[in-house]
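Asker: Prediction below, plus the sequence it came from.
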2 protein chains.
Amino acid sequence: MSDTLSARPLPSVVLFSLVPVAAWFVVRPLVDPVPPLPALHASVGFSIFALLTTVYLVPALGPTFVKANLKGRDLLKTYTTPIPESMGLVCASVYILLLILFIPFAFASVSLNGSQAQYTVREGIVINAFPHYQLSVYLSSLLSLLIATMLGFLDDIFDIRWRHKIPIPIIASIPLLMVYYADNGNTHIVVPIPFRPLFGSLLNLGPLYYLYMALLSTFSTNSINILAGINGSEASQAVVIALSVALNDLLYLPWPTGFRVPLHLLGSRAEVEVGGVWSAGMAYGSTELVERHLFSLYFMLPLVGVCLGFLYHNWYPSLAFPGDTLCYVTGMAFAVVGIQAHFSKTLLLFFLPQIFNFVLSCPQLFGLVPCPRHRVPRFDSDTHLLYPSKAQFLKRPQRLSTVVLQALAGLGFTELTTLPDGTILEATNLTLLNVLLLRLGPMREKRLTQALIAVQVTGSVVAFVVRYGLAYLVYDGDRR
Amino acid sequence: MSDTLSARPLPSVVLFSLVPVAAWFVVRPLVDPVPPLPALHASVGFSIFALLTTVYLVPALGPTFVKANLKGRDLLKTYTTPIPESMGLVCASVYILLLILFIPFAFASVSLNGSQAQYTVREGIVINAFPHYQLSVYLSSLLSLLIATMLGFLDDIFDIRWRHKIPIPIIASIPLLMVYYADNGNTHIVVPIPFRPLFGSLLNLGPLYYLYMALLSTFSTNSINILAGINGSEASQAVVIALSVALNDLLYLPWPTGFRVPLHLLGSRAEVEVGGVWSAGMAYGSTELVERHLFSLYFMLPLVGVCLGFLYHNWYPSLAFPGDTLCYVTGMAFAVVGIQAHFSKTLLLFFLPQIFNFVLSCPQLFGLVPCPRHRVPRFDSDTHLLYPSKAQFLKRPQRLSTVVLQALAGLGFTELTTLPDGTILEATNLTLLNVLLLRLGPMREKRLTQALIAVQVTGSVVAFVVRYGLAYLVYDGDRR
């Protein structure tokens, strides 16, 4: 039950034994025989290095951050020790630097494969390790990530008001949009079956498509940022989402063995067959799909690395805070893969808890219900338990506010304190974390983070079922 | 003789009248008939917008910077008003954002020129507005600029010691190097005539070429950073160098009229003929040379814009300080064009004052002579004049130090205070600014900045004479 702060031990033996493993993965593409997906090996190696670097750099740089006044106290603790803040900057820097160093592995296929830039996969498709024209797409993604990092850090330093910072991710997505435009990017979407009588099967969204991409990055960034406030919440959300995206990507790679996703057990009519000897997984032989999902993996694997490394120090009791920087860079990374690898709808499915939290927050975000500066759960220093925090009405609530809150209370998403005449005095803050505390009862902070992770994992399981079990209801064909 | 601080007036009428001019330049490429170099028109328009945006943003954001503790006092003034520091960040952000927005103009040639991506210049060469493969080169340059900005800002915040920060620009140049490598970049150099018996006429430097590129960015960044400390010095250096590079680029563009550089008047044997009806200037019909110098112009013109806009507020008495951020981003911009447009030797010629200042500083940088924290000239608050500042020997100088200092004193680059037995007690700090004060006598700060600008302009004139009048002594042919 101790609540004191001590530097987390770094198990050097375990960690250093990972160095040769990572090095082997990085060097593997240079060794004959070249593996089927050489750059993916290097990416795995880089991701392990990402984890190691973050694990060591975060505690090493903590004091420097505190000295530069980048610090905060943990509101849900009894102690007031200053904790280094904005340390997501370290994660973002390691992440982006490794992605830059990865460029020759992904694109200089000539030097990797001797004289030939492509190789034939047995019984399957021909894959360029990475088509050269995609280098500009990769670089524009890096630019967007770097701008997101920069803006996140500036947000931490200048403490921008939340209403002003919502559109910030749009700025970060400009490089993506510009290169998409310069590349004469496709702005057609496949229309869901129910709407086809109205729009036909393909619809050209034109400029609206660019708006959609900009809004996607705004959503993915801000939705992680508002589901935050307890130790480990931001980093663990990012880890679960990144792993889900990576798992989805793996389904499309050419695997040496075949396997079947047993969706028929879930009552789905869709049969999902994956693999087959060296066939291209769910890509069904499409080189382009394989390349897209490789692209996505190159961004997701090192993200998992840095977030796990950071989580080691950010876990309860937290020794480093992520700041807005981490939310911005992870959110942007998800938007980048969703846009560039063309699976934004699937991506949004992995954001179910964030979507729930955002929709639930709307009455507070849009002024129907008072919104205090912090909506994190309330910490009771006697019991060390977290309780739902409350928003107080300073004046009599509007009619609409009362209706909305009573509906939400009916659904069990908030608890109201009312006068005998029904006038609402207080409502628990409208966040997923408070809903968890309402439904499951008061709990310790660490337990709440674990509950949040469980919710996120459940959300991803639901996402996979919807994507591969139900999507046939609104989209036909092999849904590329 | 007043030394007080008042916000600089923004002549709105003049400035707003520039908006339609800039807008016309930006829109011009979309209007028939398409001009010969459409993207260059847009670049000029963007550069005017860069100037306007910086002129308005710098004073508007000043208070925010001061509030976030990004402030400093002016050491060469009597007042102690806090001045916003690190405002080079504003310049860098405007610069990079405009360069990103410029992407469709430079690369989406199809949409600009209707159905055909290239057009024929009369009597001359065929030019792609920008070859598509260069998009990745452009993007990697933006990445390097953004990393330089980021690191410059971190340097301002964390106040990194100078010995540690010298290699920082190498990190920023990694994207350049990676893309150069992935592109199978050429690492051959043309050997100067005197060395050809040893190396032949072409030499493959291999990895050394990458080292050279990394060191070039380190030099261009740090050399501006150490020739600083008085109001307007950093920004004015950047403006003169950028204008020199742009002027050099203009020599290679296809101009509608011919002209001759009258180098024979200077006694040169080289005849430099430029232009001719629609011929490609000094590019002598080489499409590649035209494209390279267009690339350089796209980066230099907006840089002139933001630096001029900033200089308006940074001019004596300064209302905004550039911080390391400005030096990093401008230095990196010069390295980028020198490397990507392949005229690094010519670029270095425009750095003559910086090279002189660096070489002169070496005894202090490498510990032969004590190096105080600030080497800026000393301000006398009674006369408001600047005097050479001095470094004091706390212990008896080594033999080598004495020899070096006596040599420098003999050349008039330093002034020594000695005991009757010749032991050196003090020496004026070894910087170009102190040399100017030694040679020209004490002067006011504004006058010293003007002297520095005069030196920089003289340096550029010398550079042009050397490049086009003397280079034939060591290189033959048309020196591409």
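Answerer: That came through, no problem. Quantities reported herein were computed from a predicted structural model and do not represent experimental measurements. Numbering: from 1, shown residues only, chains lettered A, B, ... in the order given.
Asker: Distance-wise, check residue A:415 relative to residue B:315.
Answerer: Noted for residue A:415: a distance of 61 Å to residue B:315, by C-beta to C-beta, to the nearest Å. For glycine as for every other residue, the C-beta is placed from the backbone atoms N, C-alpha and C.
Asker: Quick check: end-to-end length of stretch A:157-168?
Answerer: Distance between the boundary residues of stretch A:157-168 (C-alpha to C-alpha, to the nearest Å) amounts to 15 Å.
Asker: now that stretch, how far from the centre of its chain.
Answerer: Offset of stretch A:157-168 from its chain centre (C-alpha atoms, centre = their mean, to the nearest Å): 20 Å.
Asker: Same check on stretch A:6-13?
Answerer: Using C-alpha atoms, centre = their mean, we find the averaged C-alpha position of stretch A:6-13 to lie 27 Å away from the chain's own average C-alpha position.
Asker: how about the strand or helix carrying residue A:234: buried residues?
Answerer: Assigning secondary structure by DSSP states H and E places residue A:234 in helix A:233-250. Of the residues in helix A:233-250, those with enough neighbours to count as buried (16 or more other C-beta atoms under 10 Å in any protein chain shown) are A:233-246, A:248-249.
Asker: just checking, what packs against the lengthiest helix in chain A?
Answerer: Across chain A, the helix with the greatest residue count (assigned by DSSP state H) is helix A:38-67. Helices and strands touching helix A:38-67, by 3 or more C-beta pairs under 8 Å, 6 or more residues apart in numbering or on different chains; DSSP states H and E, are helix A:12-27, strand A:83-84, helix A:88-101, helix A:103-107, helix A:287-314.
Asker: can you redo these as TSV with distance to chain B and mean pLDDT?
Answerer: Putting these into TSV (distance: least, C-beta to the nearest C-beta, whole Å; pLDDT from 0 to 100) gives the following:
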stretch	distance to chain B	mean pLDDT
helix A:12-27	15	90
strand A:83-84	12	94
helix A:88-101	5	95
helix A:103-107	4	85
helix A:287-314	14	93
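Asker: Export those as JSON lines, with columns for mean neighbour count.
Answerer: Shown next, in JSON lines, are the helices and strands packed on helix A:38-67 (neighbours: other C-beta atoms under 10 Å in any protein chain shown):
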{"stretch": "helix A:12-27", "mean neighbour count": "13"}
{"stretch": "strand A:83-84", "mean neighbour count": "24"}
{"stretch": "helix A:88-101", "mean neighbour count": "25"}
{"stretch": "helix A:103-107", "mean neighbour count": "24"}
{"stretch": "helix A:287-314", "mean neighbour count": "24"}
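Asker: Output the ones you listed in CSV; the columns should cover distance to residue B:424.
Answerer: Listed next are those as CSV, based on distance: least, C-beta to C-beta, whole Å:
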stretch, distance to residue B:424
helix A:12-27, 50
strand A:83-84, 46
helix A:88-101, 45
helix A:103-107, 52
helix A:287-314, 52
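Asker: Report the contact partners of residue A:402.
Answerer: Counting by C-beta atoms under 8 Å, 6 or more residues apart in numbering or on different chains, residue A:402 makes contact with A:422, A:424.
Asker: Show me which positions of the host helix or strand of it end up buried.
Answerer: Under the assignment given by DSSP H and E, the secondary-structure element containing residue A:402 is helix A:399-410. Counting neighbours by 16+ other C-beta under 10 Å, one finds that the buried residues in helix A:399-410 are A:401, A:402, A:404, A:405, A:406, A:408, A:409.
Asker: give me the number of residues near the closest residue to residue A:348 other than its chain neighbours?
Answerer: Closest residue to residue A:348 apart from its sequence neighbours, by C-beta to C-beta, 6 or more residues apart in numbering or on different chains: residue A:355 at 7.3 Å. The local packing count at residue A:355 equals 15, with neighbours defined by other C-beta atoms under 10 Å in any protein chain shown.
Asker: got it, and residue A:353?
Answerer: Other residues lying near residue A:353 total 22 when counted by other C-beta under 10 Å.
Asker: Against chain B, how distant is it?
Answerer: Residue A:353 sits 32 Å away from chain B, going by C-beta to the nearest C-beta, to the nearest Å.
Asker: I'd like to know which elements the helix or strand that contains that residue is packed against.
Answerer: When elements are defined using DSSP H and E, residue A:353 is found to belong to helix A:352-365. Under the contact criterion of 3+ C-beta pairs under 8 Å, 6+ apart, the helices and strands touching helix A:352-365 comprise helix A:207-226, helix A:399-410, helix A:432-440, helix A:445-465.
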